[in-house]
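Asks: return a 3D structure for these sequence lines:
(chains A and B)
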Number of protein chains: 2
Amino acid sequence: MTDKSSPTAAVLLIGDEILSGRTRDINLQQIATYLAPLGIPVRESRTVPDIEDEIVEAVNQLRAKYTYVFTTGGIGPTHDDITADAIAKAFGVGISEHPEVTAMLAERYAAMGTEYTPARRRMARIPHGASVVANPVSGAPGFQTGNVFTLAGVPQVARAMLEDIGPRLETGAVVHKITIRGTGLREGDIAEPLGQLAKEMPQVSFGSYPWFRTVGDNGVHLVASTLHEELIEEVAAKLSAIIEQTGVRPERLEDANT
Amino acid sequence: MTDKSSPTAAVLLIGDEILSGRTRDINLQQIATYLAPLGIPVRESRTVPDIEDEIVEAVNQLRAKYTYVFTTGGIGPTHDDITADAIAKAFGVGISEHPEVTAMLAERYAAMGTEYTPARRRMARIPHGASVVANPVSGAPGFQTGNVFTLAGVPQVARAMLEDIGPRLETGAVVHKITIRGTGLREGDIAEPLGQLAKEMPQVSFGSYPWFRTVGDNGVHLVASTLHEELIEEVAAKLSAIIEQTGVRPERLEDANT
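Replies: A predicted model of the protein is given here:
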């Protein structure tokens, strides 16, 4: 779907709360939708617990395989926030309070009339050689270590940090997408012509995504993705025709470039 | 948090639509919350695209490391549904139409007055040696290959399949949990006593999960997990005391064993 030379990304979600089911992650989705218009597809995601060795192993596997890695979670002030140490370990570098960060946090807490405690100072610790990622929401920054960006787990903070990261990224060819919905459509009714179309148009990637909530609230979304914007209208017409052949009315959806 | 001998699980989400951000996954959460009362913690999750080699590699890594692996997605009738073939390849076994499954699907489609097409027959293909996982929602089954359970991606179908899998699982010691909420609480205000409590009670795992929607709608959930149910009330009292020291009123939440 993209050239070999195009940048790629992986997302590493860090936190027991996601694996336990306590929290339903939304950071993968928001990182993917932020990167898509930059032409940087997310190729893999992992979720690991708050265990240093697991984080280190995942970081090292992913940073070797993808252009960029985005981690979320584990950079707060409490004892279970171990991501910064794990990133330092993965890169084989030391970690200590960053002078500018700790000065910024000290000033911020002074302005709030809040004590700058040892726990809060932990949030100024970043791996040696890392650069800071600004956090306009709550102050304590993320950081960039090589090709690994370490973000907060709180979605509003992670989202804000992406804005500071975007300009640092090498962009790739943007994938153009179209989605055609068939309410009441069954995948089995369109699988053969869809598979045939996928063979005829190797420059386009076709996906079929059924939904089923209750009887009557079910159907299929057909999604086509391509680097070739000039093919989009032709593909839309062909997908619509495939759906119409079954007697279902195709609906073209507005696609937010995801 | 659990004994070395306790069963563990990994969840492998298969599908371009999750990585692109088109779909926000909910299967990890529903699998984790189904398994928690059985004493089977999810220790890792991965999301990979609809690429056979990526699926094979992830399946083989995860099935070697965890007691059980649950995959979701890619078992429908369309050309992009390649999970069954990938599982067969991962296990080094053949794959073909399962006689009982294809008879069941033929009967089901006949009853609906729907043609049992080659595309629909694909859904009867399961790896040799695998056993069937019933799908009471839409017919086409999942399957179990060794310690790997392959489920549908549609959440309602995946959830129903878990019911057929539950009785097959070796259960472990159940983790007991408690959550205390502090609205308006800041992690920096409780990090030191919380870290101290975590050191004092090594049989209990403590997590601190801040939320931040807007100013005023923010705070922290403190979560304690332990195999020792008899410690829960003591832990609840200690966490509440830690929150109260900051001037915030602690609220104990009902925990759904997650």
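Asks: which residues does residue A:13 form a beta bridge with?
Replies: Applying DSSP bridges to residue A:13 gives these bridge partners: residue A:47, residue A:72.
Asks: number of residues surrounding it?
Replies: For residue A:13, the tally of surrounding residues (other C-beta atoms under 10 Å in any protein chain shown) stands at 26. For the C-beta atoms, the positions are set from N, CA and C on the backbone; glycine is no exception.
Asks: contacting residues around the one residue in the stretch 151-258 of chain A that gets nearest to chain B?
Replies: For the stretch 151-258 of chain A, the nearest residue to chain B under the criterion C-beta to the nearest C-beta is residue A:191, separated by 3.2 Å. Shown in contact with residue A:191 (C-beta atoms under 8 Å, 6 or more residues apart in numbering or on different chains): A:208, B:76, B:77, B:78, B:79, B:117, B:119, B:120, B:122.
Asks: of these, buried ones?
Replies: Burial of the contacts of residue A:191 was assessed by neighbour count (16 or more other C-beta atoms under 10 Å in any protein chain shown); the buried members are A:208, B:76, B:77, B:78, B:79, B:119, B:120, B:122.
Asks: so the first one lies in a helix, does it not?
Replies: No: residue state for residue A:208 (DSSP: H, G, I helix; E, B strand; the rest coil) corresponds to strand; a helix is not indicated.
Asks: okay, and the beta partners of it?
Replies: Beta bridges link residue A:208 to residue A:222, judged by DSSP bridges.
Asks: so who does it touch?
Replies: Listed by C-beta under 8 Å, 6+ apart, the contact partners of residue A:208 are A:187, A:190-191, A:194, A:220-223, B:76, B:78-81.
Asks: in strands, which of those appear?
Replies: Counted as lying in strands by DSSP state E, out of the contacts of residue A:208, are A:220, A:221, A:222, A:223.
Asks: now do the helices in the stretch 51-200 of chain A.
Replies: A:52-65, A:83-91, A:99-112, A:118-121, A:155-165, A:187-200 (DSSP state H, counting those that start in this stretch).
Asks: possible to save those helices as CSV with distance to residue B:85 and mean pLDDT?
Replies: Conversion of those to CSV gives the following (distance: least, C-beta to C-beta, whole Å; pLDDT from 0 to 100):
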stretch, distance to residue B:85, mean pLDDT
helix A:52-65, 23, 98
helix A:83-91, 34, 98
helix A:99-112, 50, 96
helix A:118-121, 51, 95
helix A:155-165, 36, 97
helix A:187-200, 14, 96
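Asks: any weak-confidence spans in chain A?
Replies: Scanning chain A for pLDDT under 70 picks out the ranges A:1-5, A:255-258.
Asks: ok, so what distance separates residue A:187 from residue A:26?
Replies: Taking C-beta to C-beta, to the nearest Å as the measure, residue A:187 and residue A:26 are separated by 27 Å.
Asks: these two - which one has more neighbours?
Replies: When neighbours are counted by other C-beta under 10 Å, residue A:187 and residue A:26 differ, and residue A:187 comes out ahead with 23 against 15.
Asks: isn't that one up against residue A:219?
Replies: No: under the criterion of C-beta atoms under 8 Å, residue A:187 lies out of contact with residue A:219, with a separation of 9.6 Å.
Asks: what sits in contact with each of those two?
Replies: By C-beta under 8 Å, 6+ apart, the residues touching both residue A:187 and residue A:219 are residue A:210.
Asks: if we can go back for a sec, could you dump the contacts of residue A:191 to TSV with distance to residue B:168?
Replies: Formatted as TSV, those follow (distance: C-beta to C-beta, whole Å):
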residue	distance to residue B:168
A:208	30
B:76	24
B:77	26
B:78	29
B:79	31
B:117	32
B:119	30
B:120	27
B:122	25
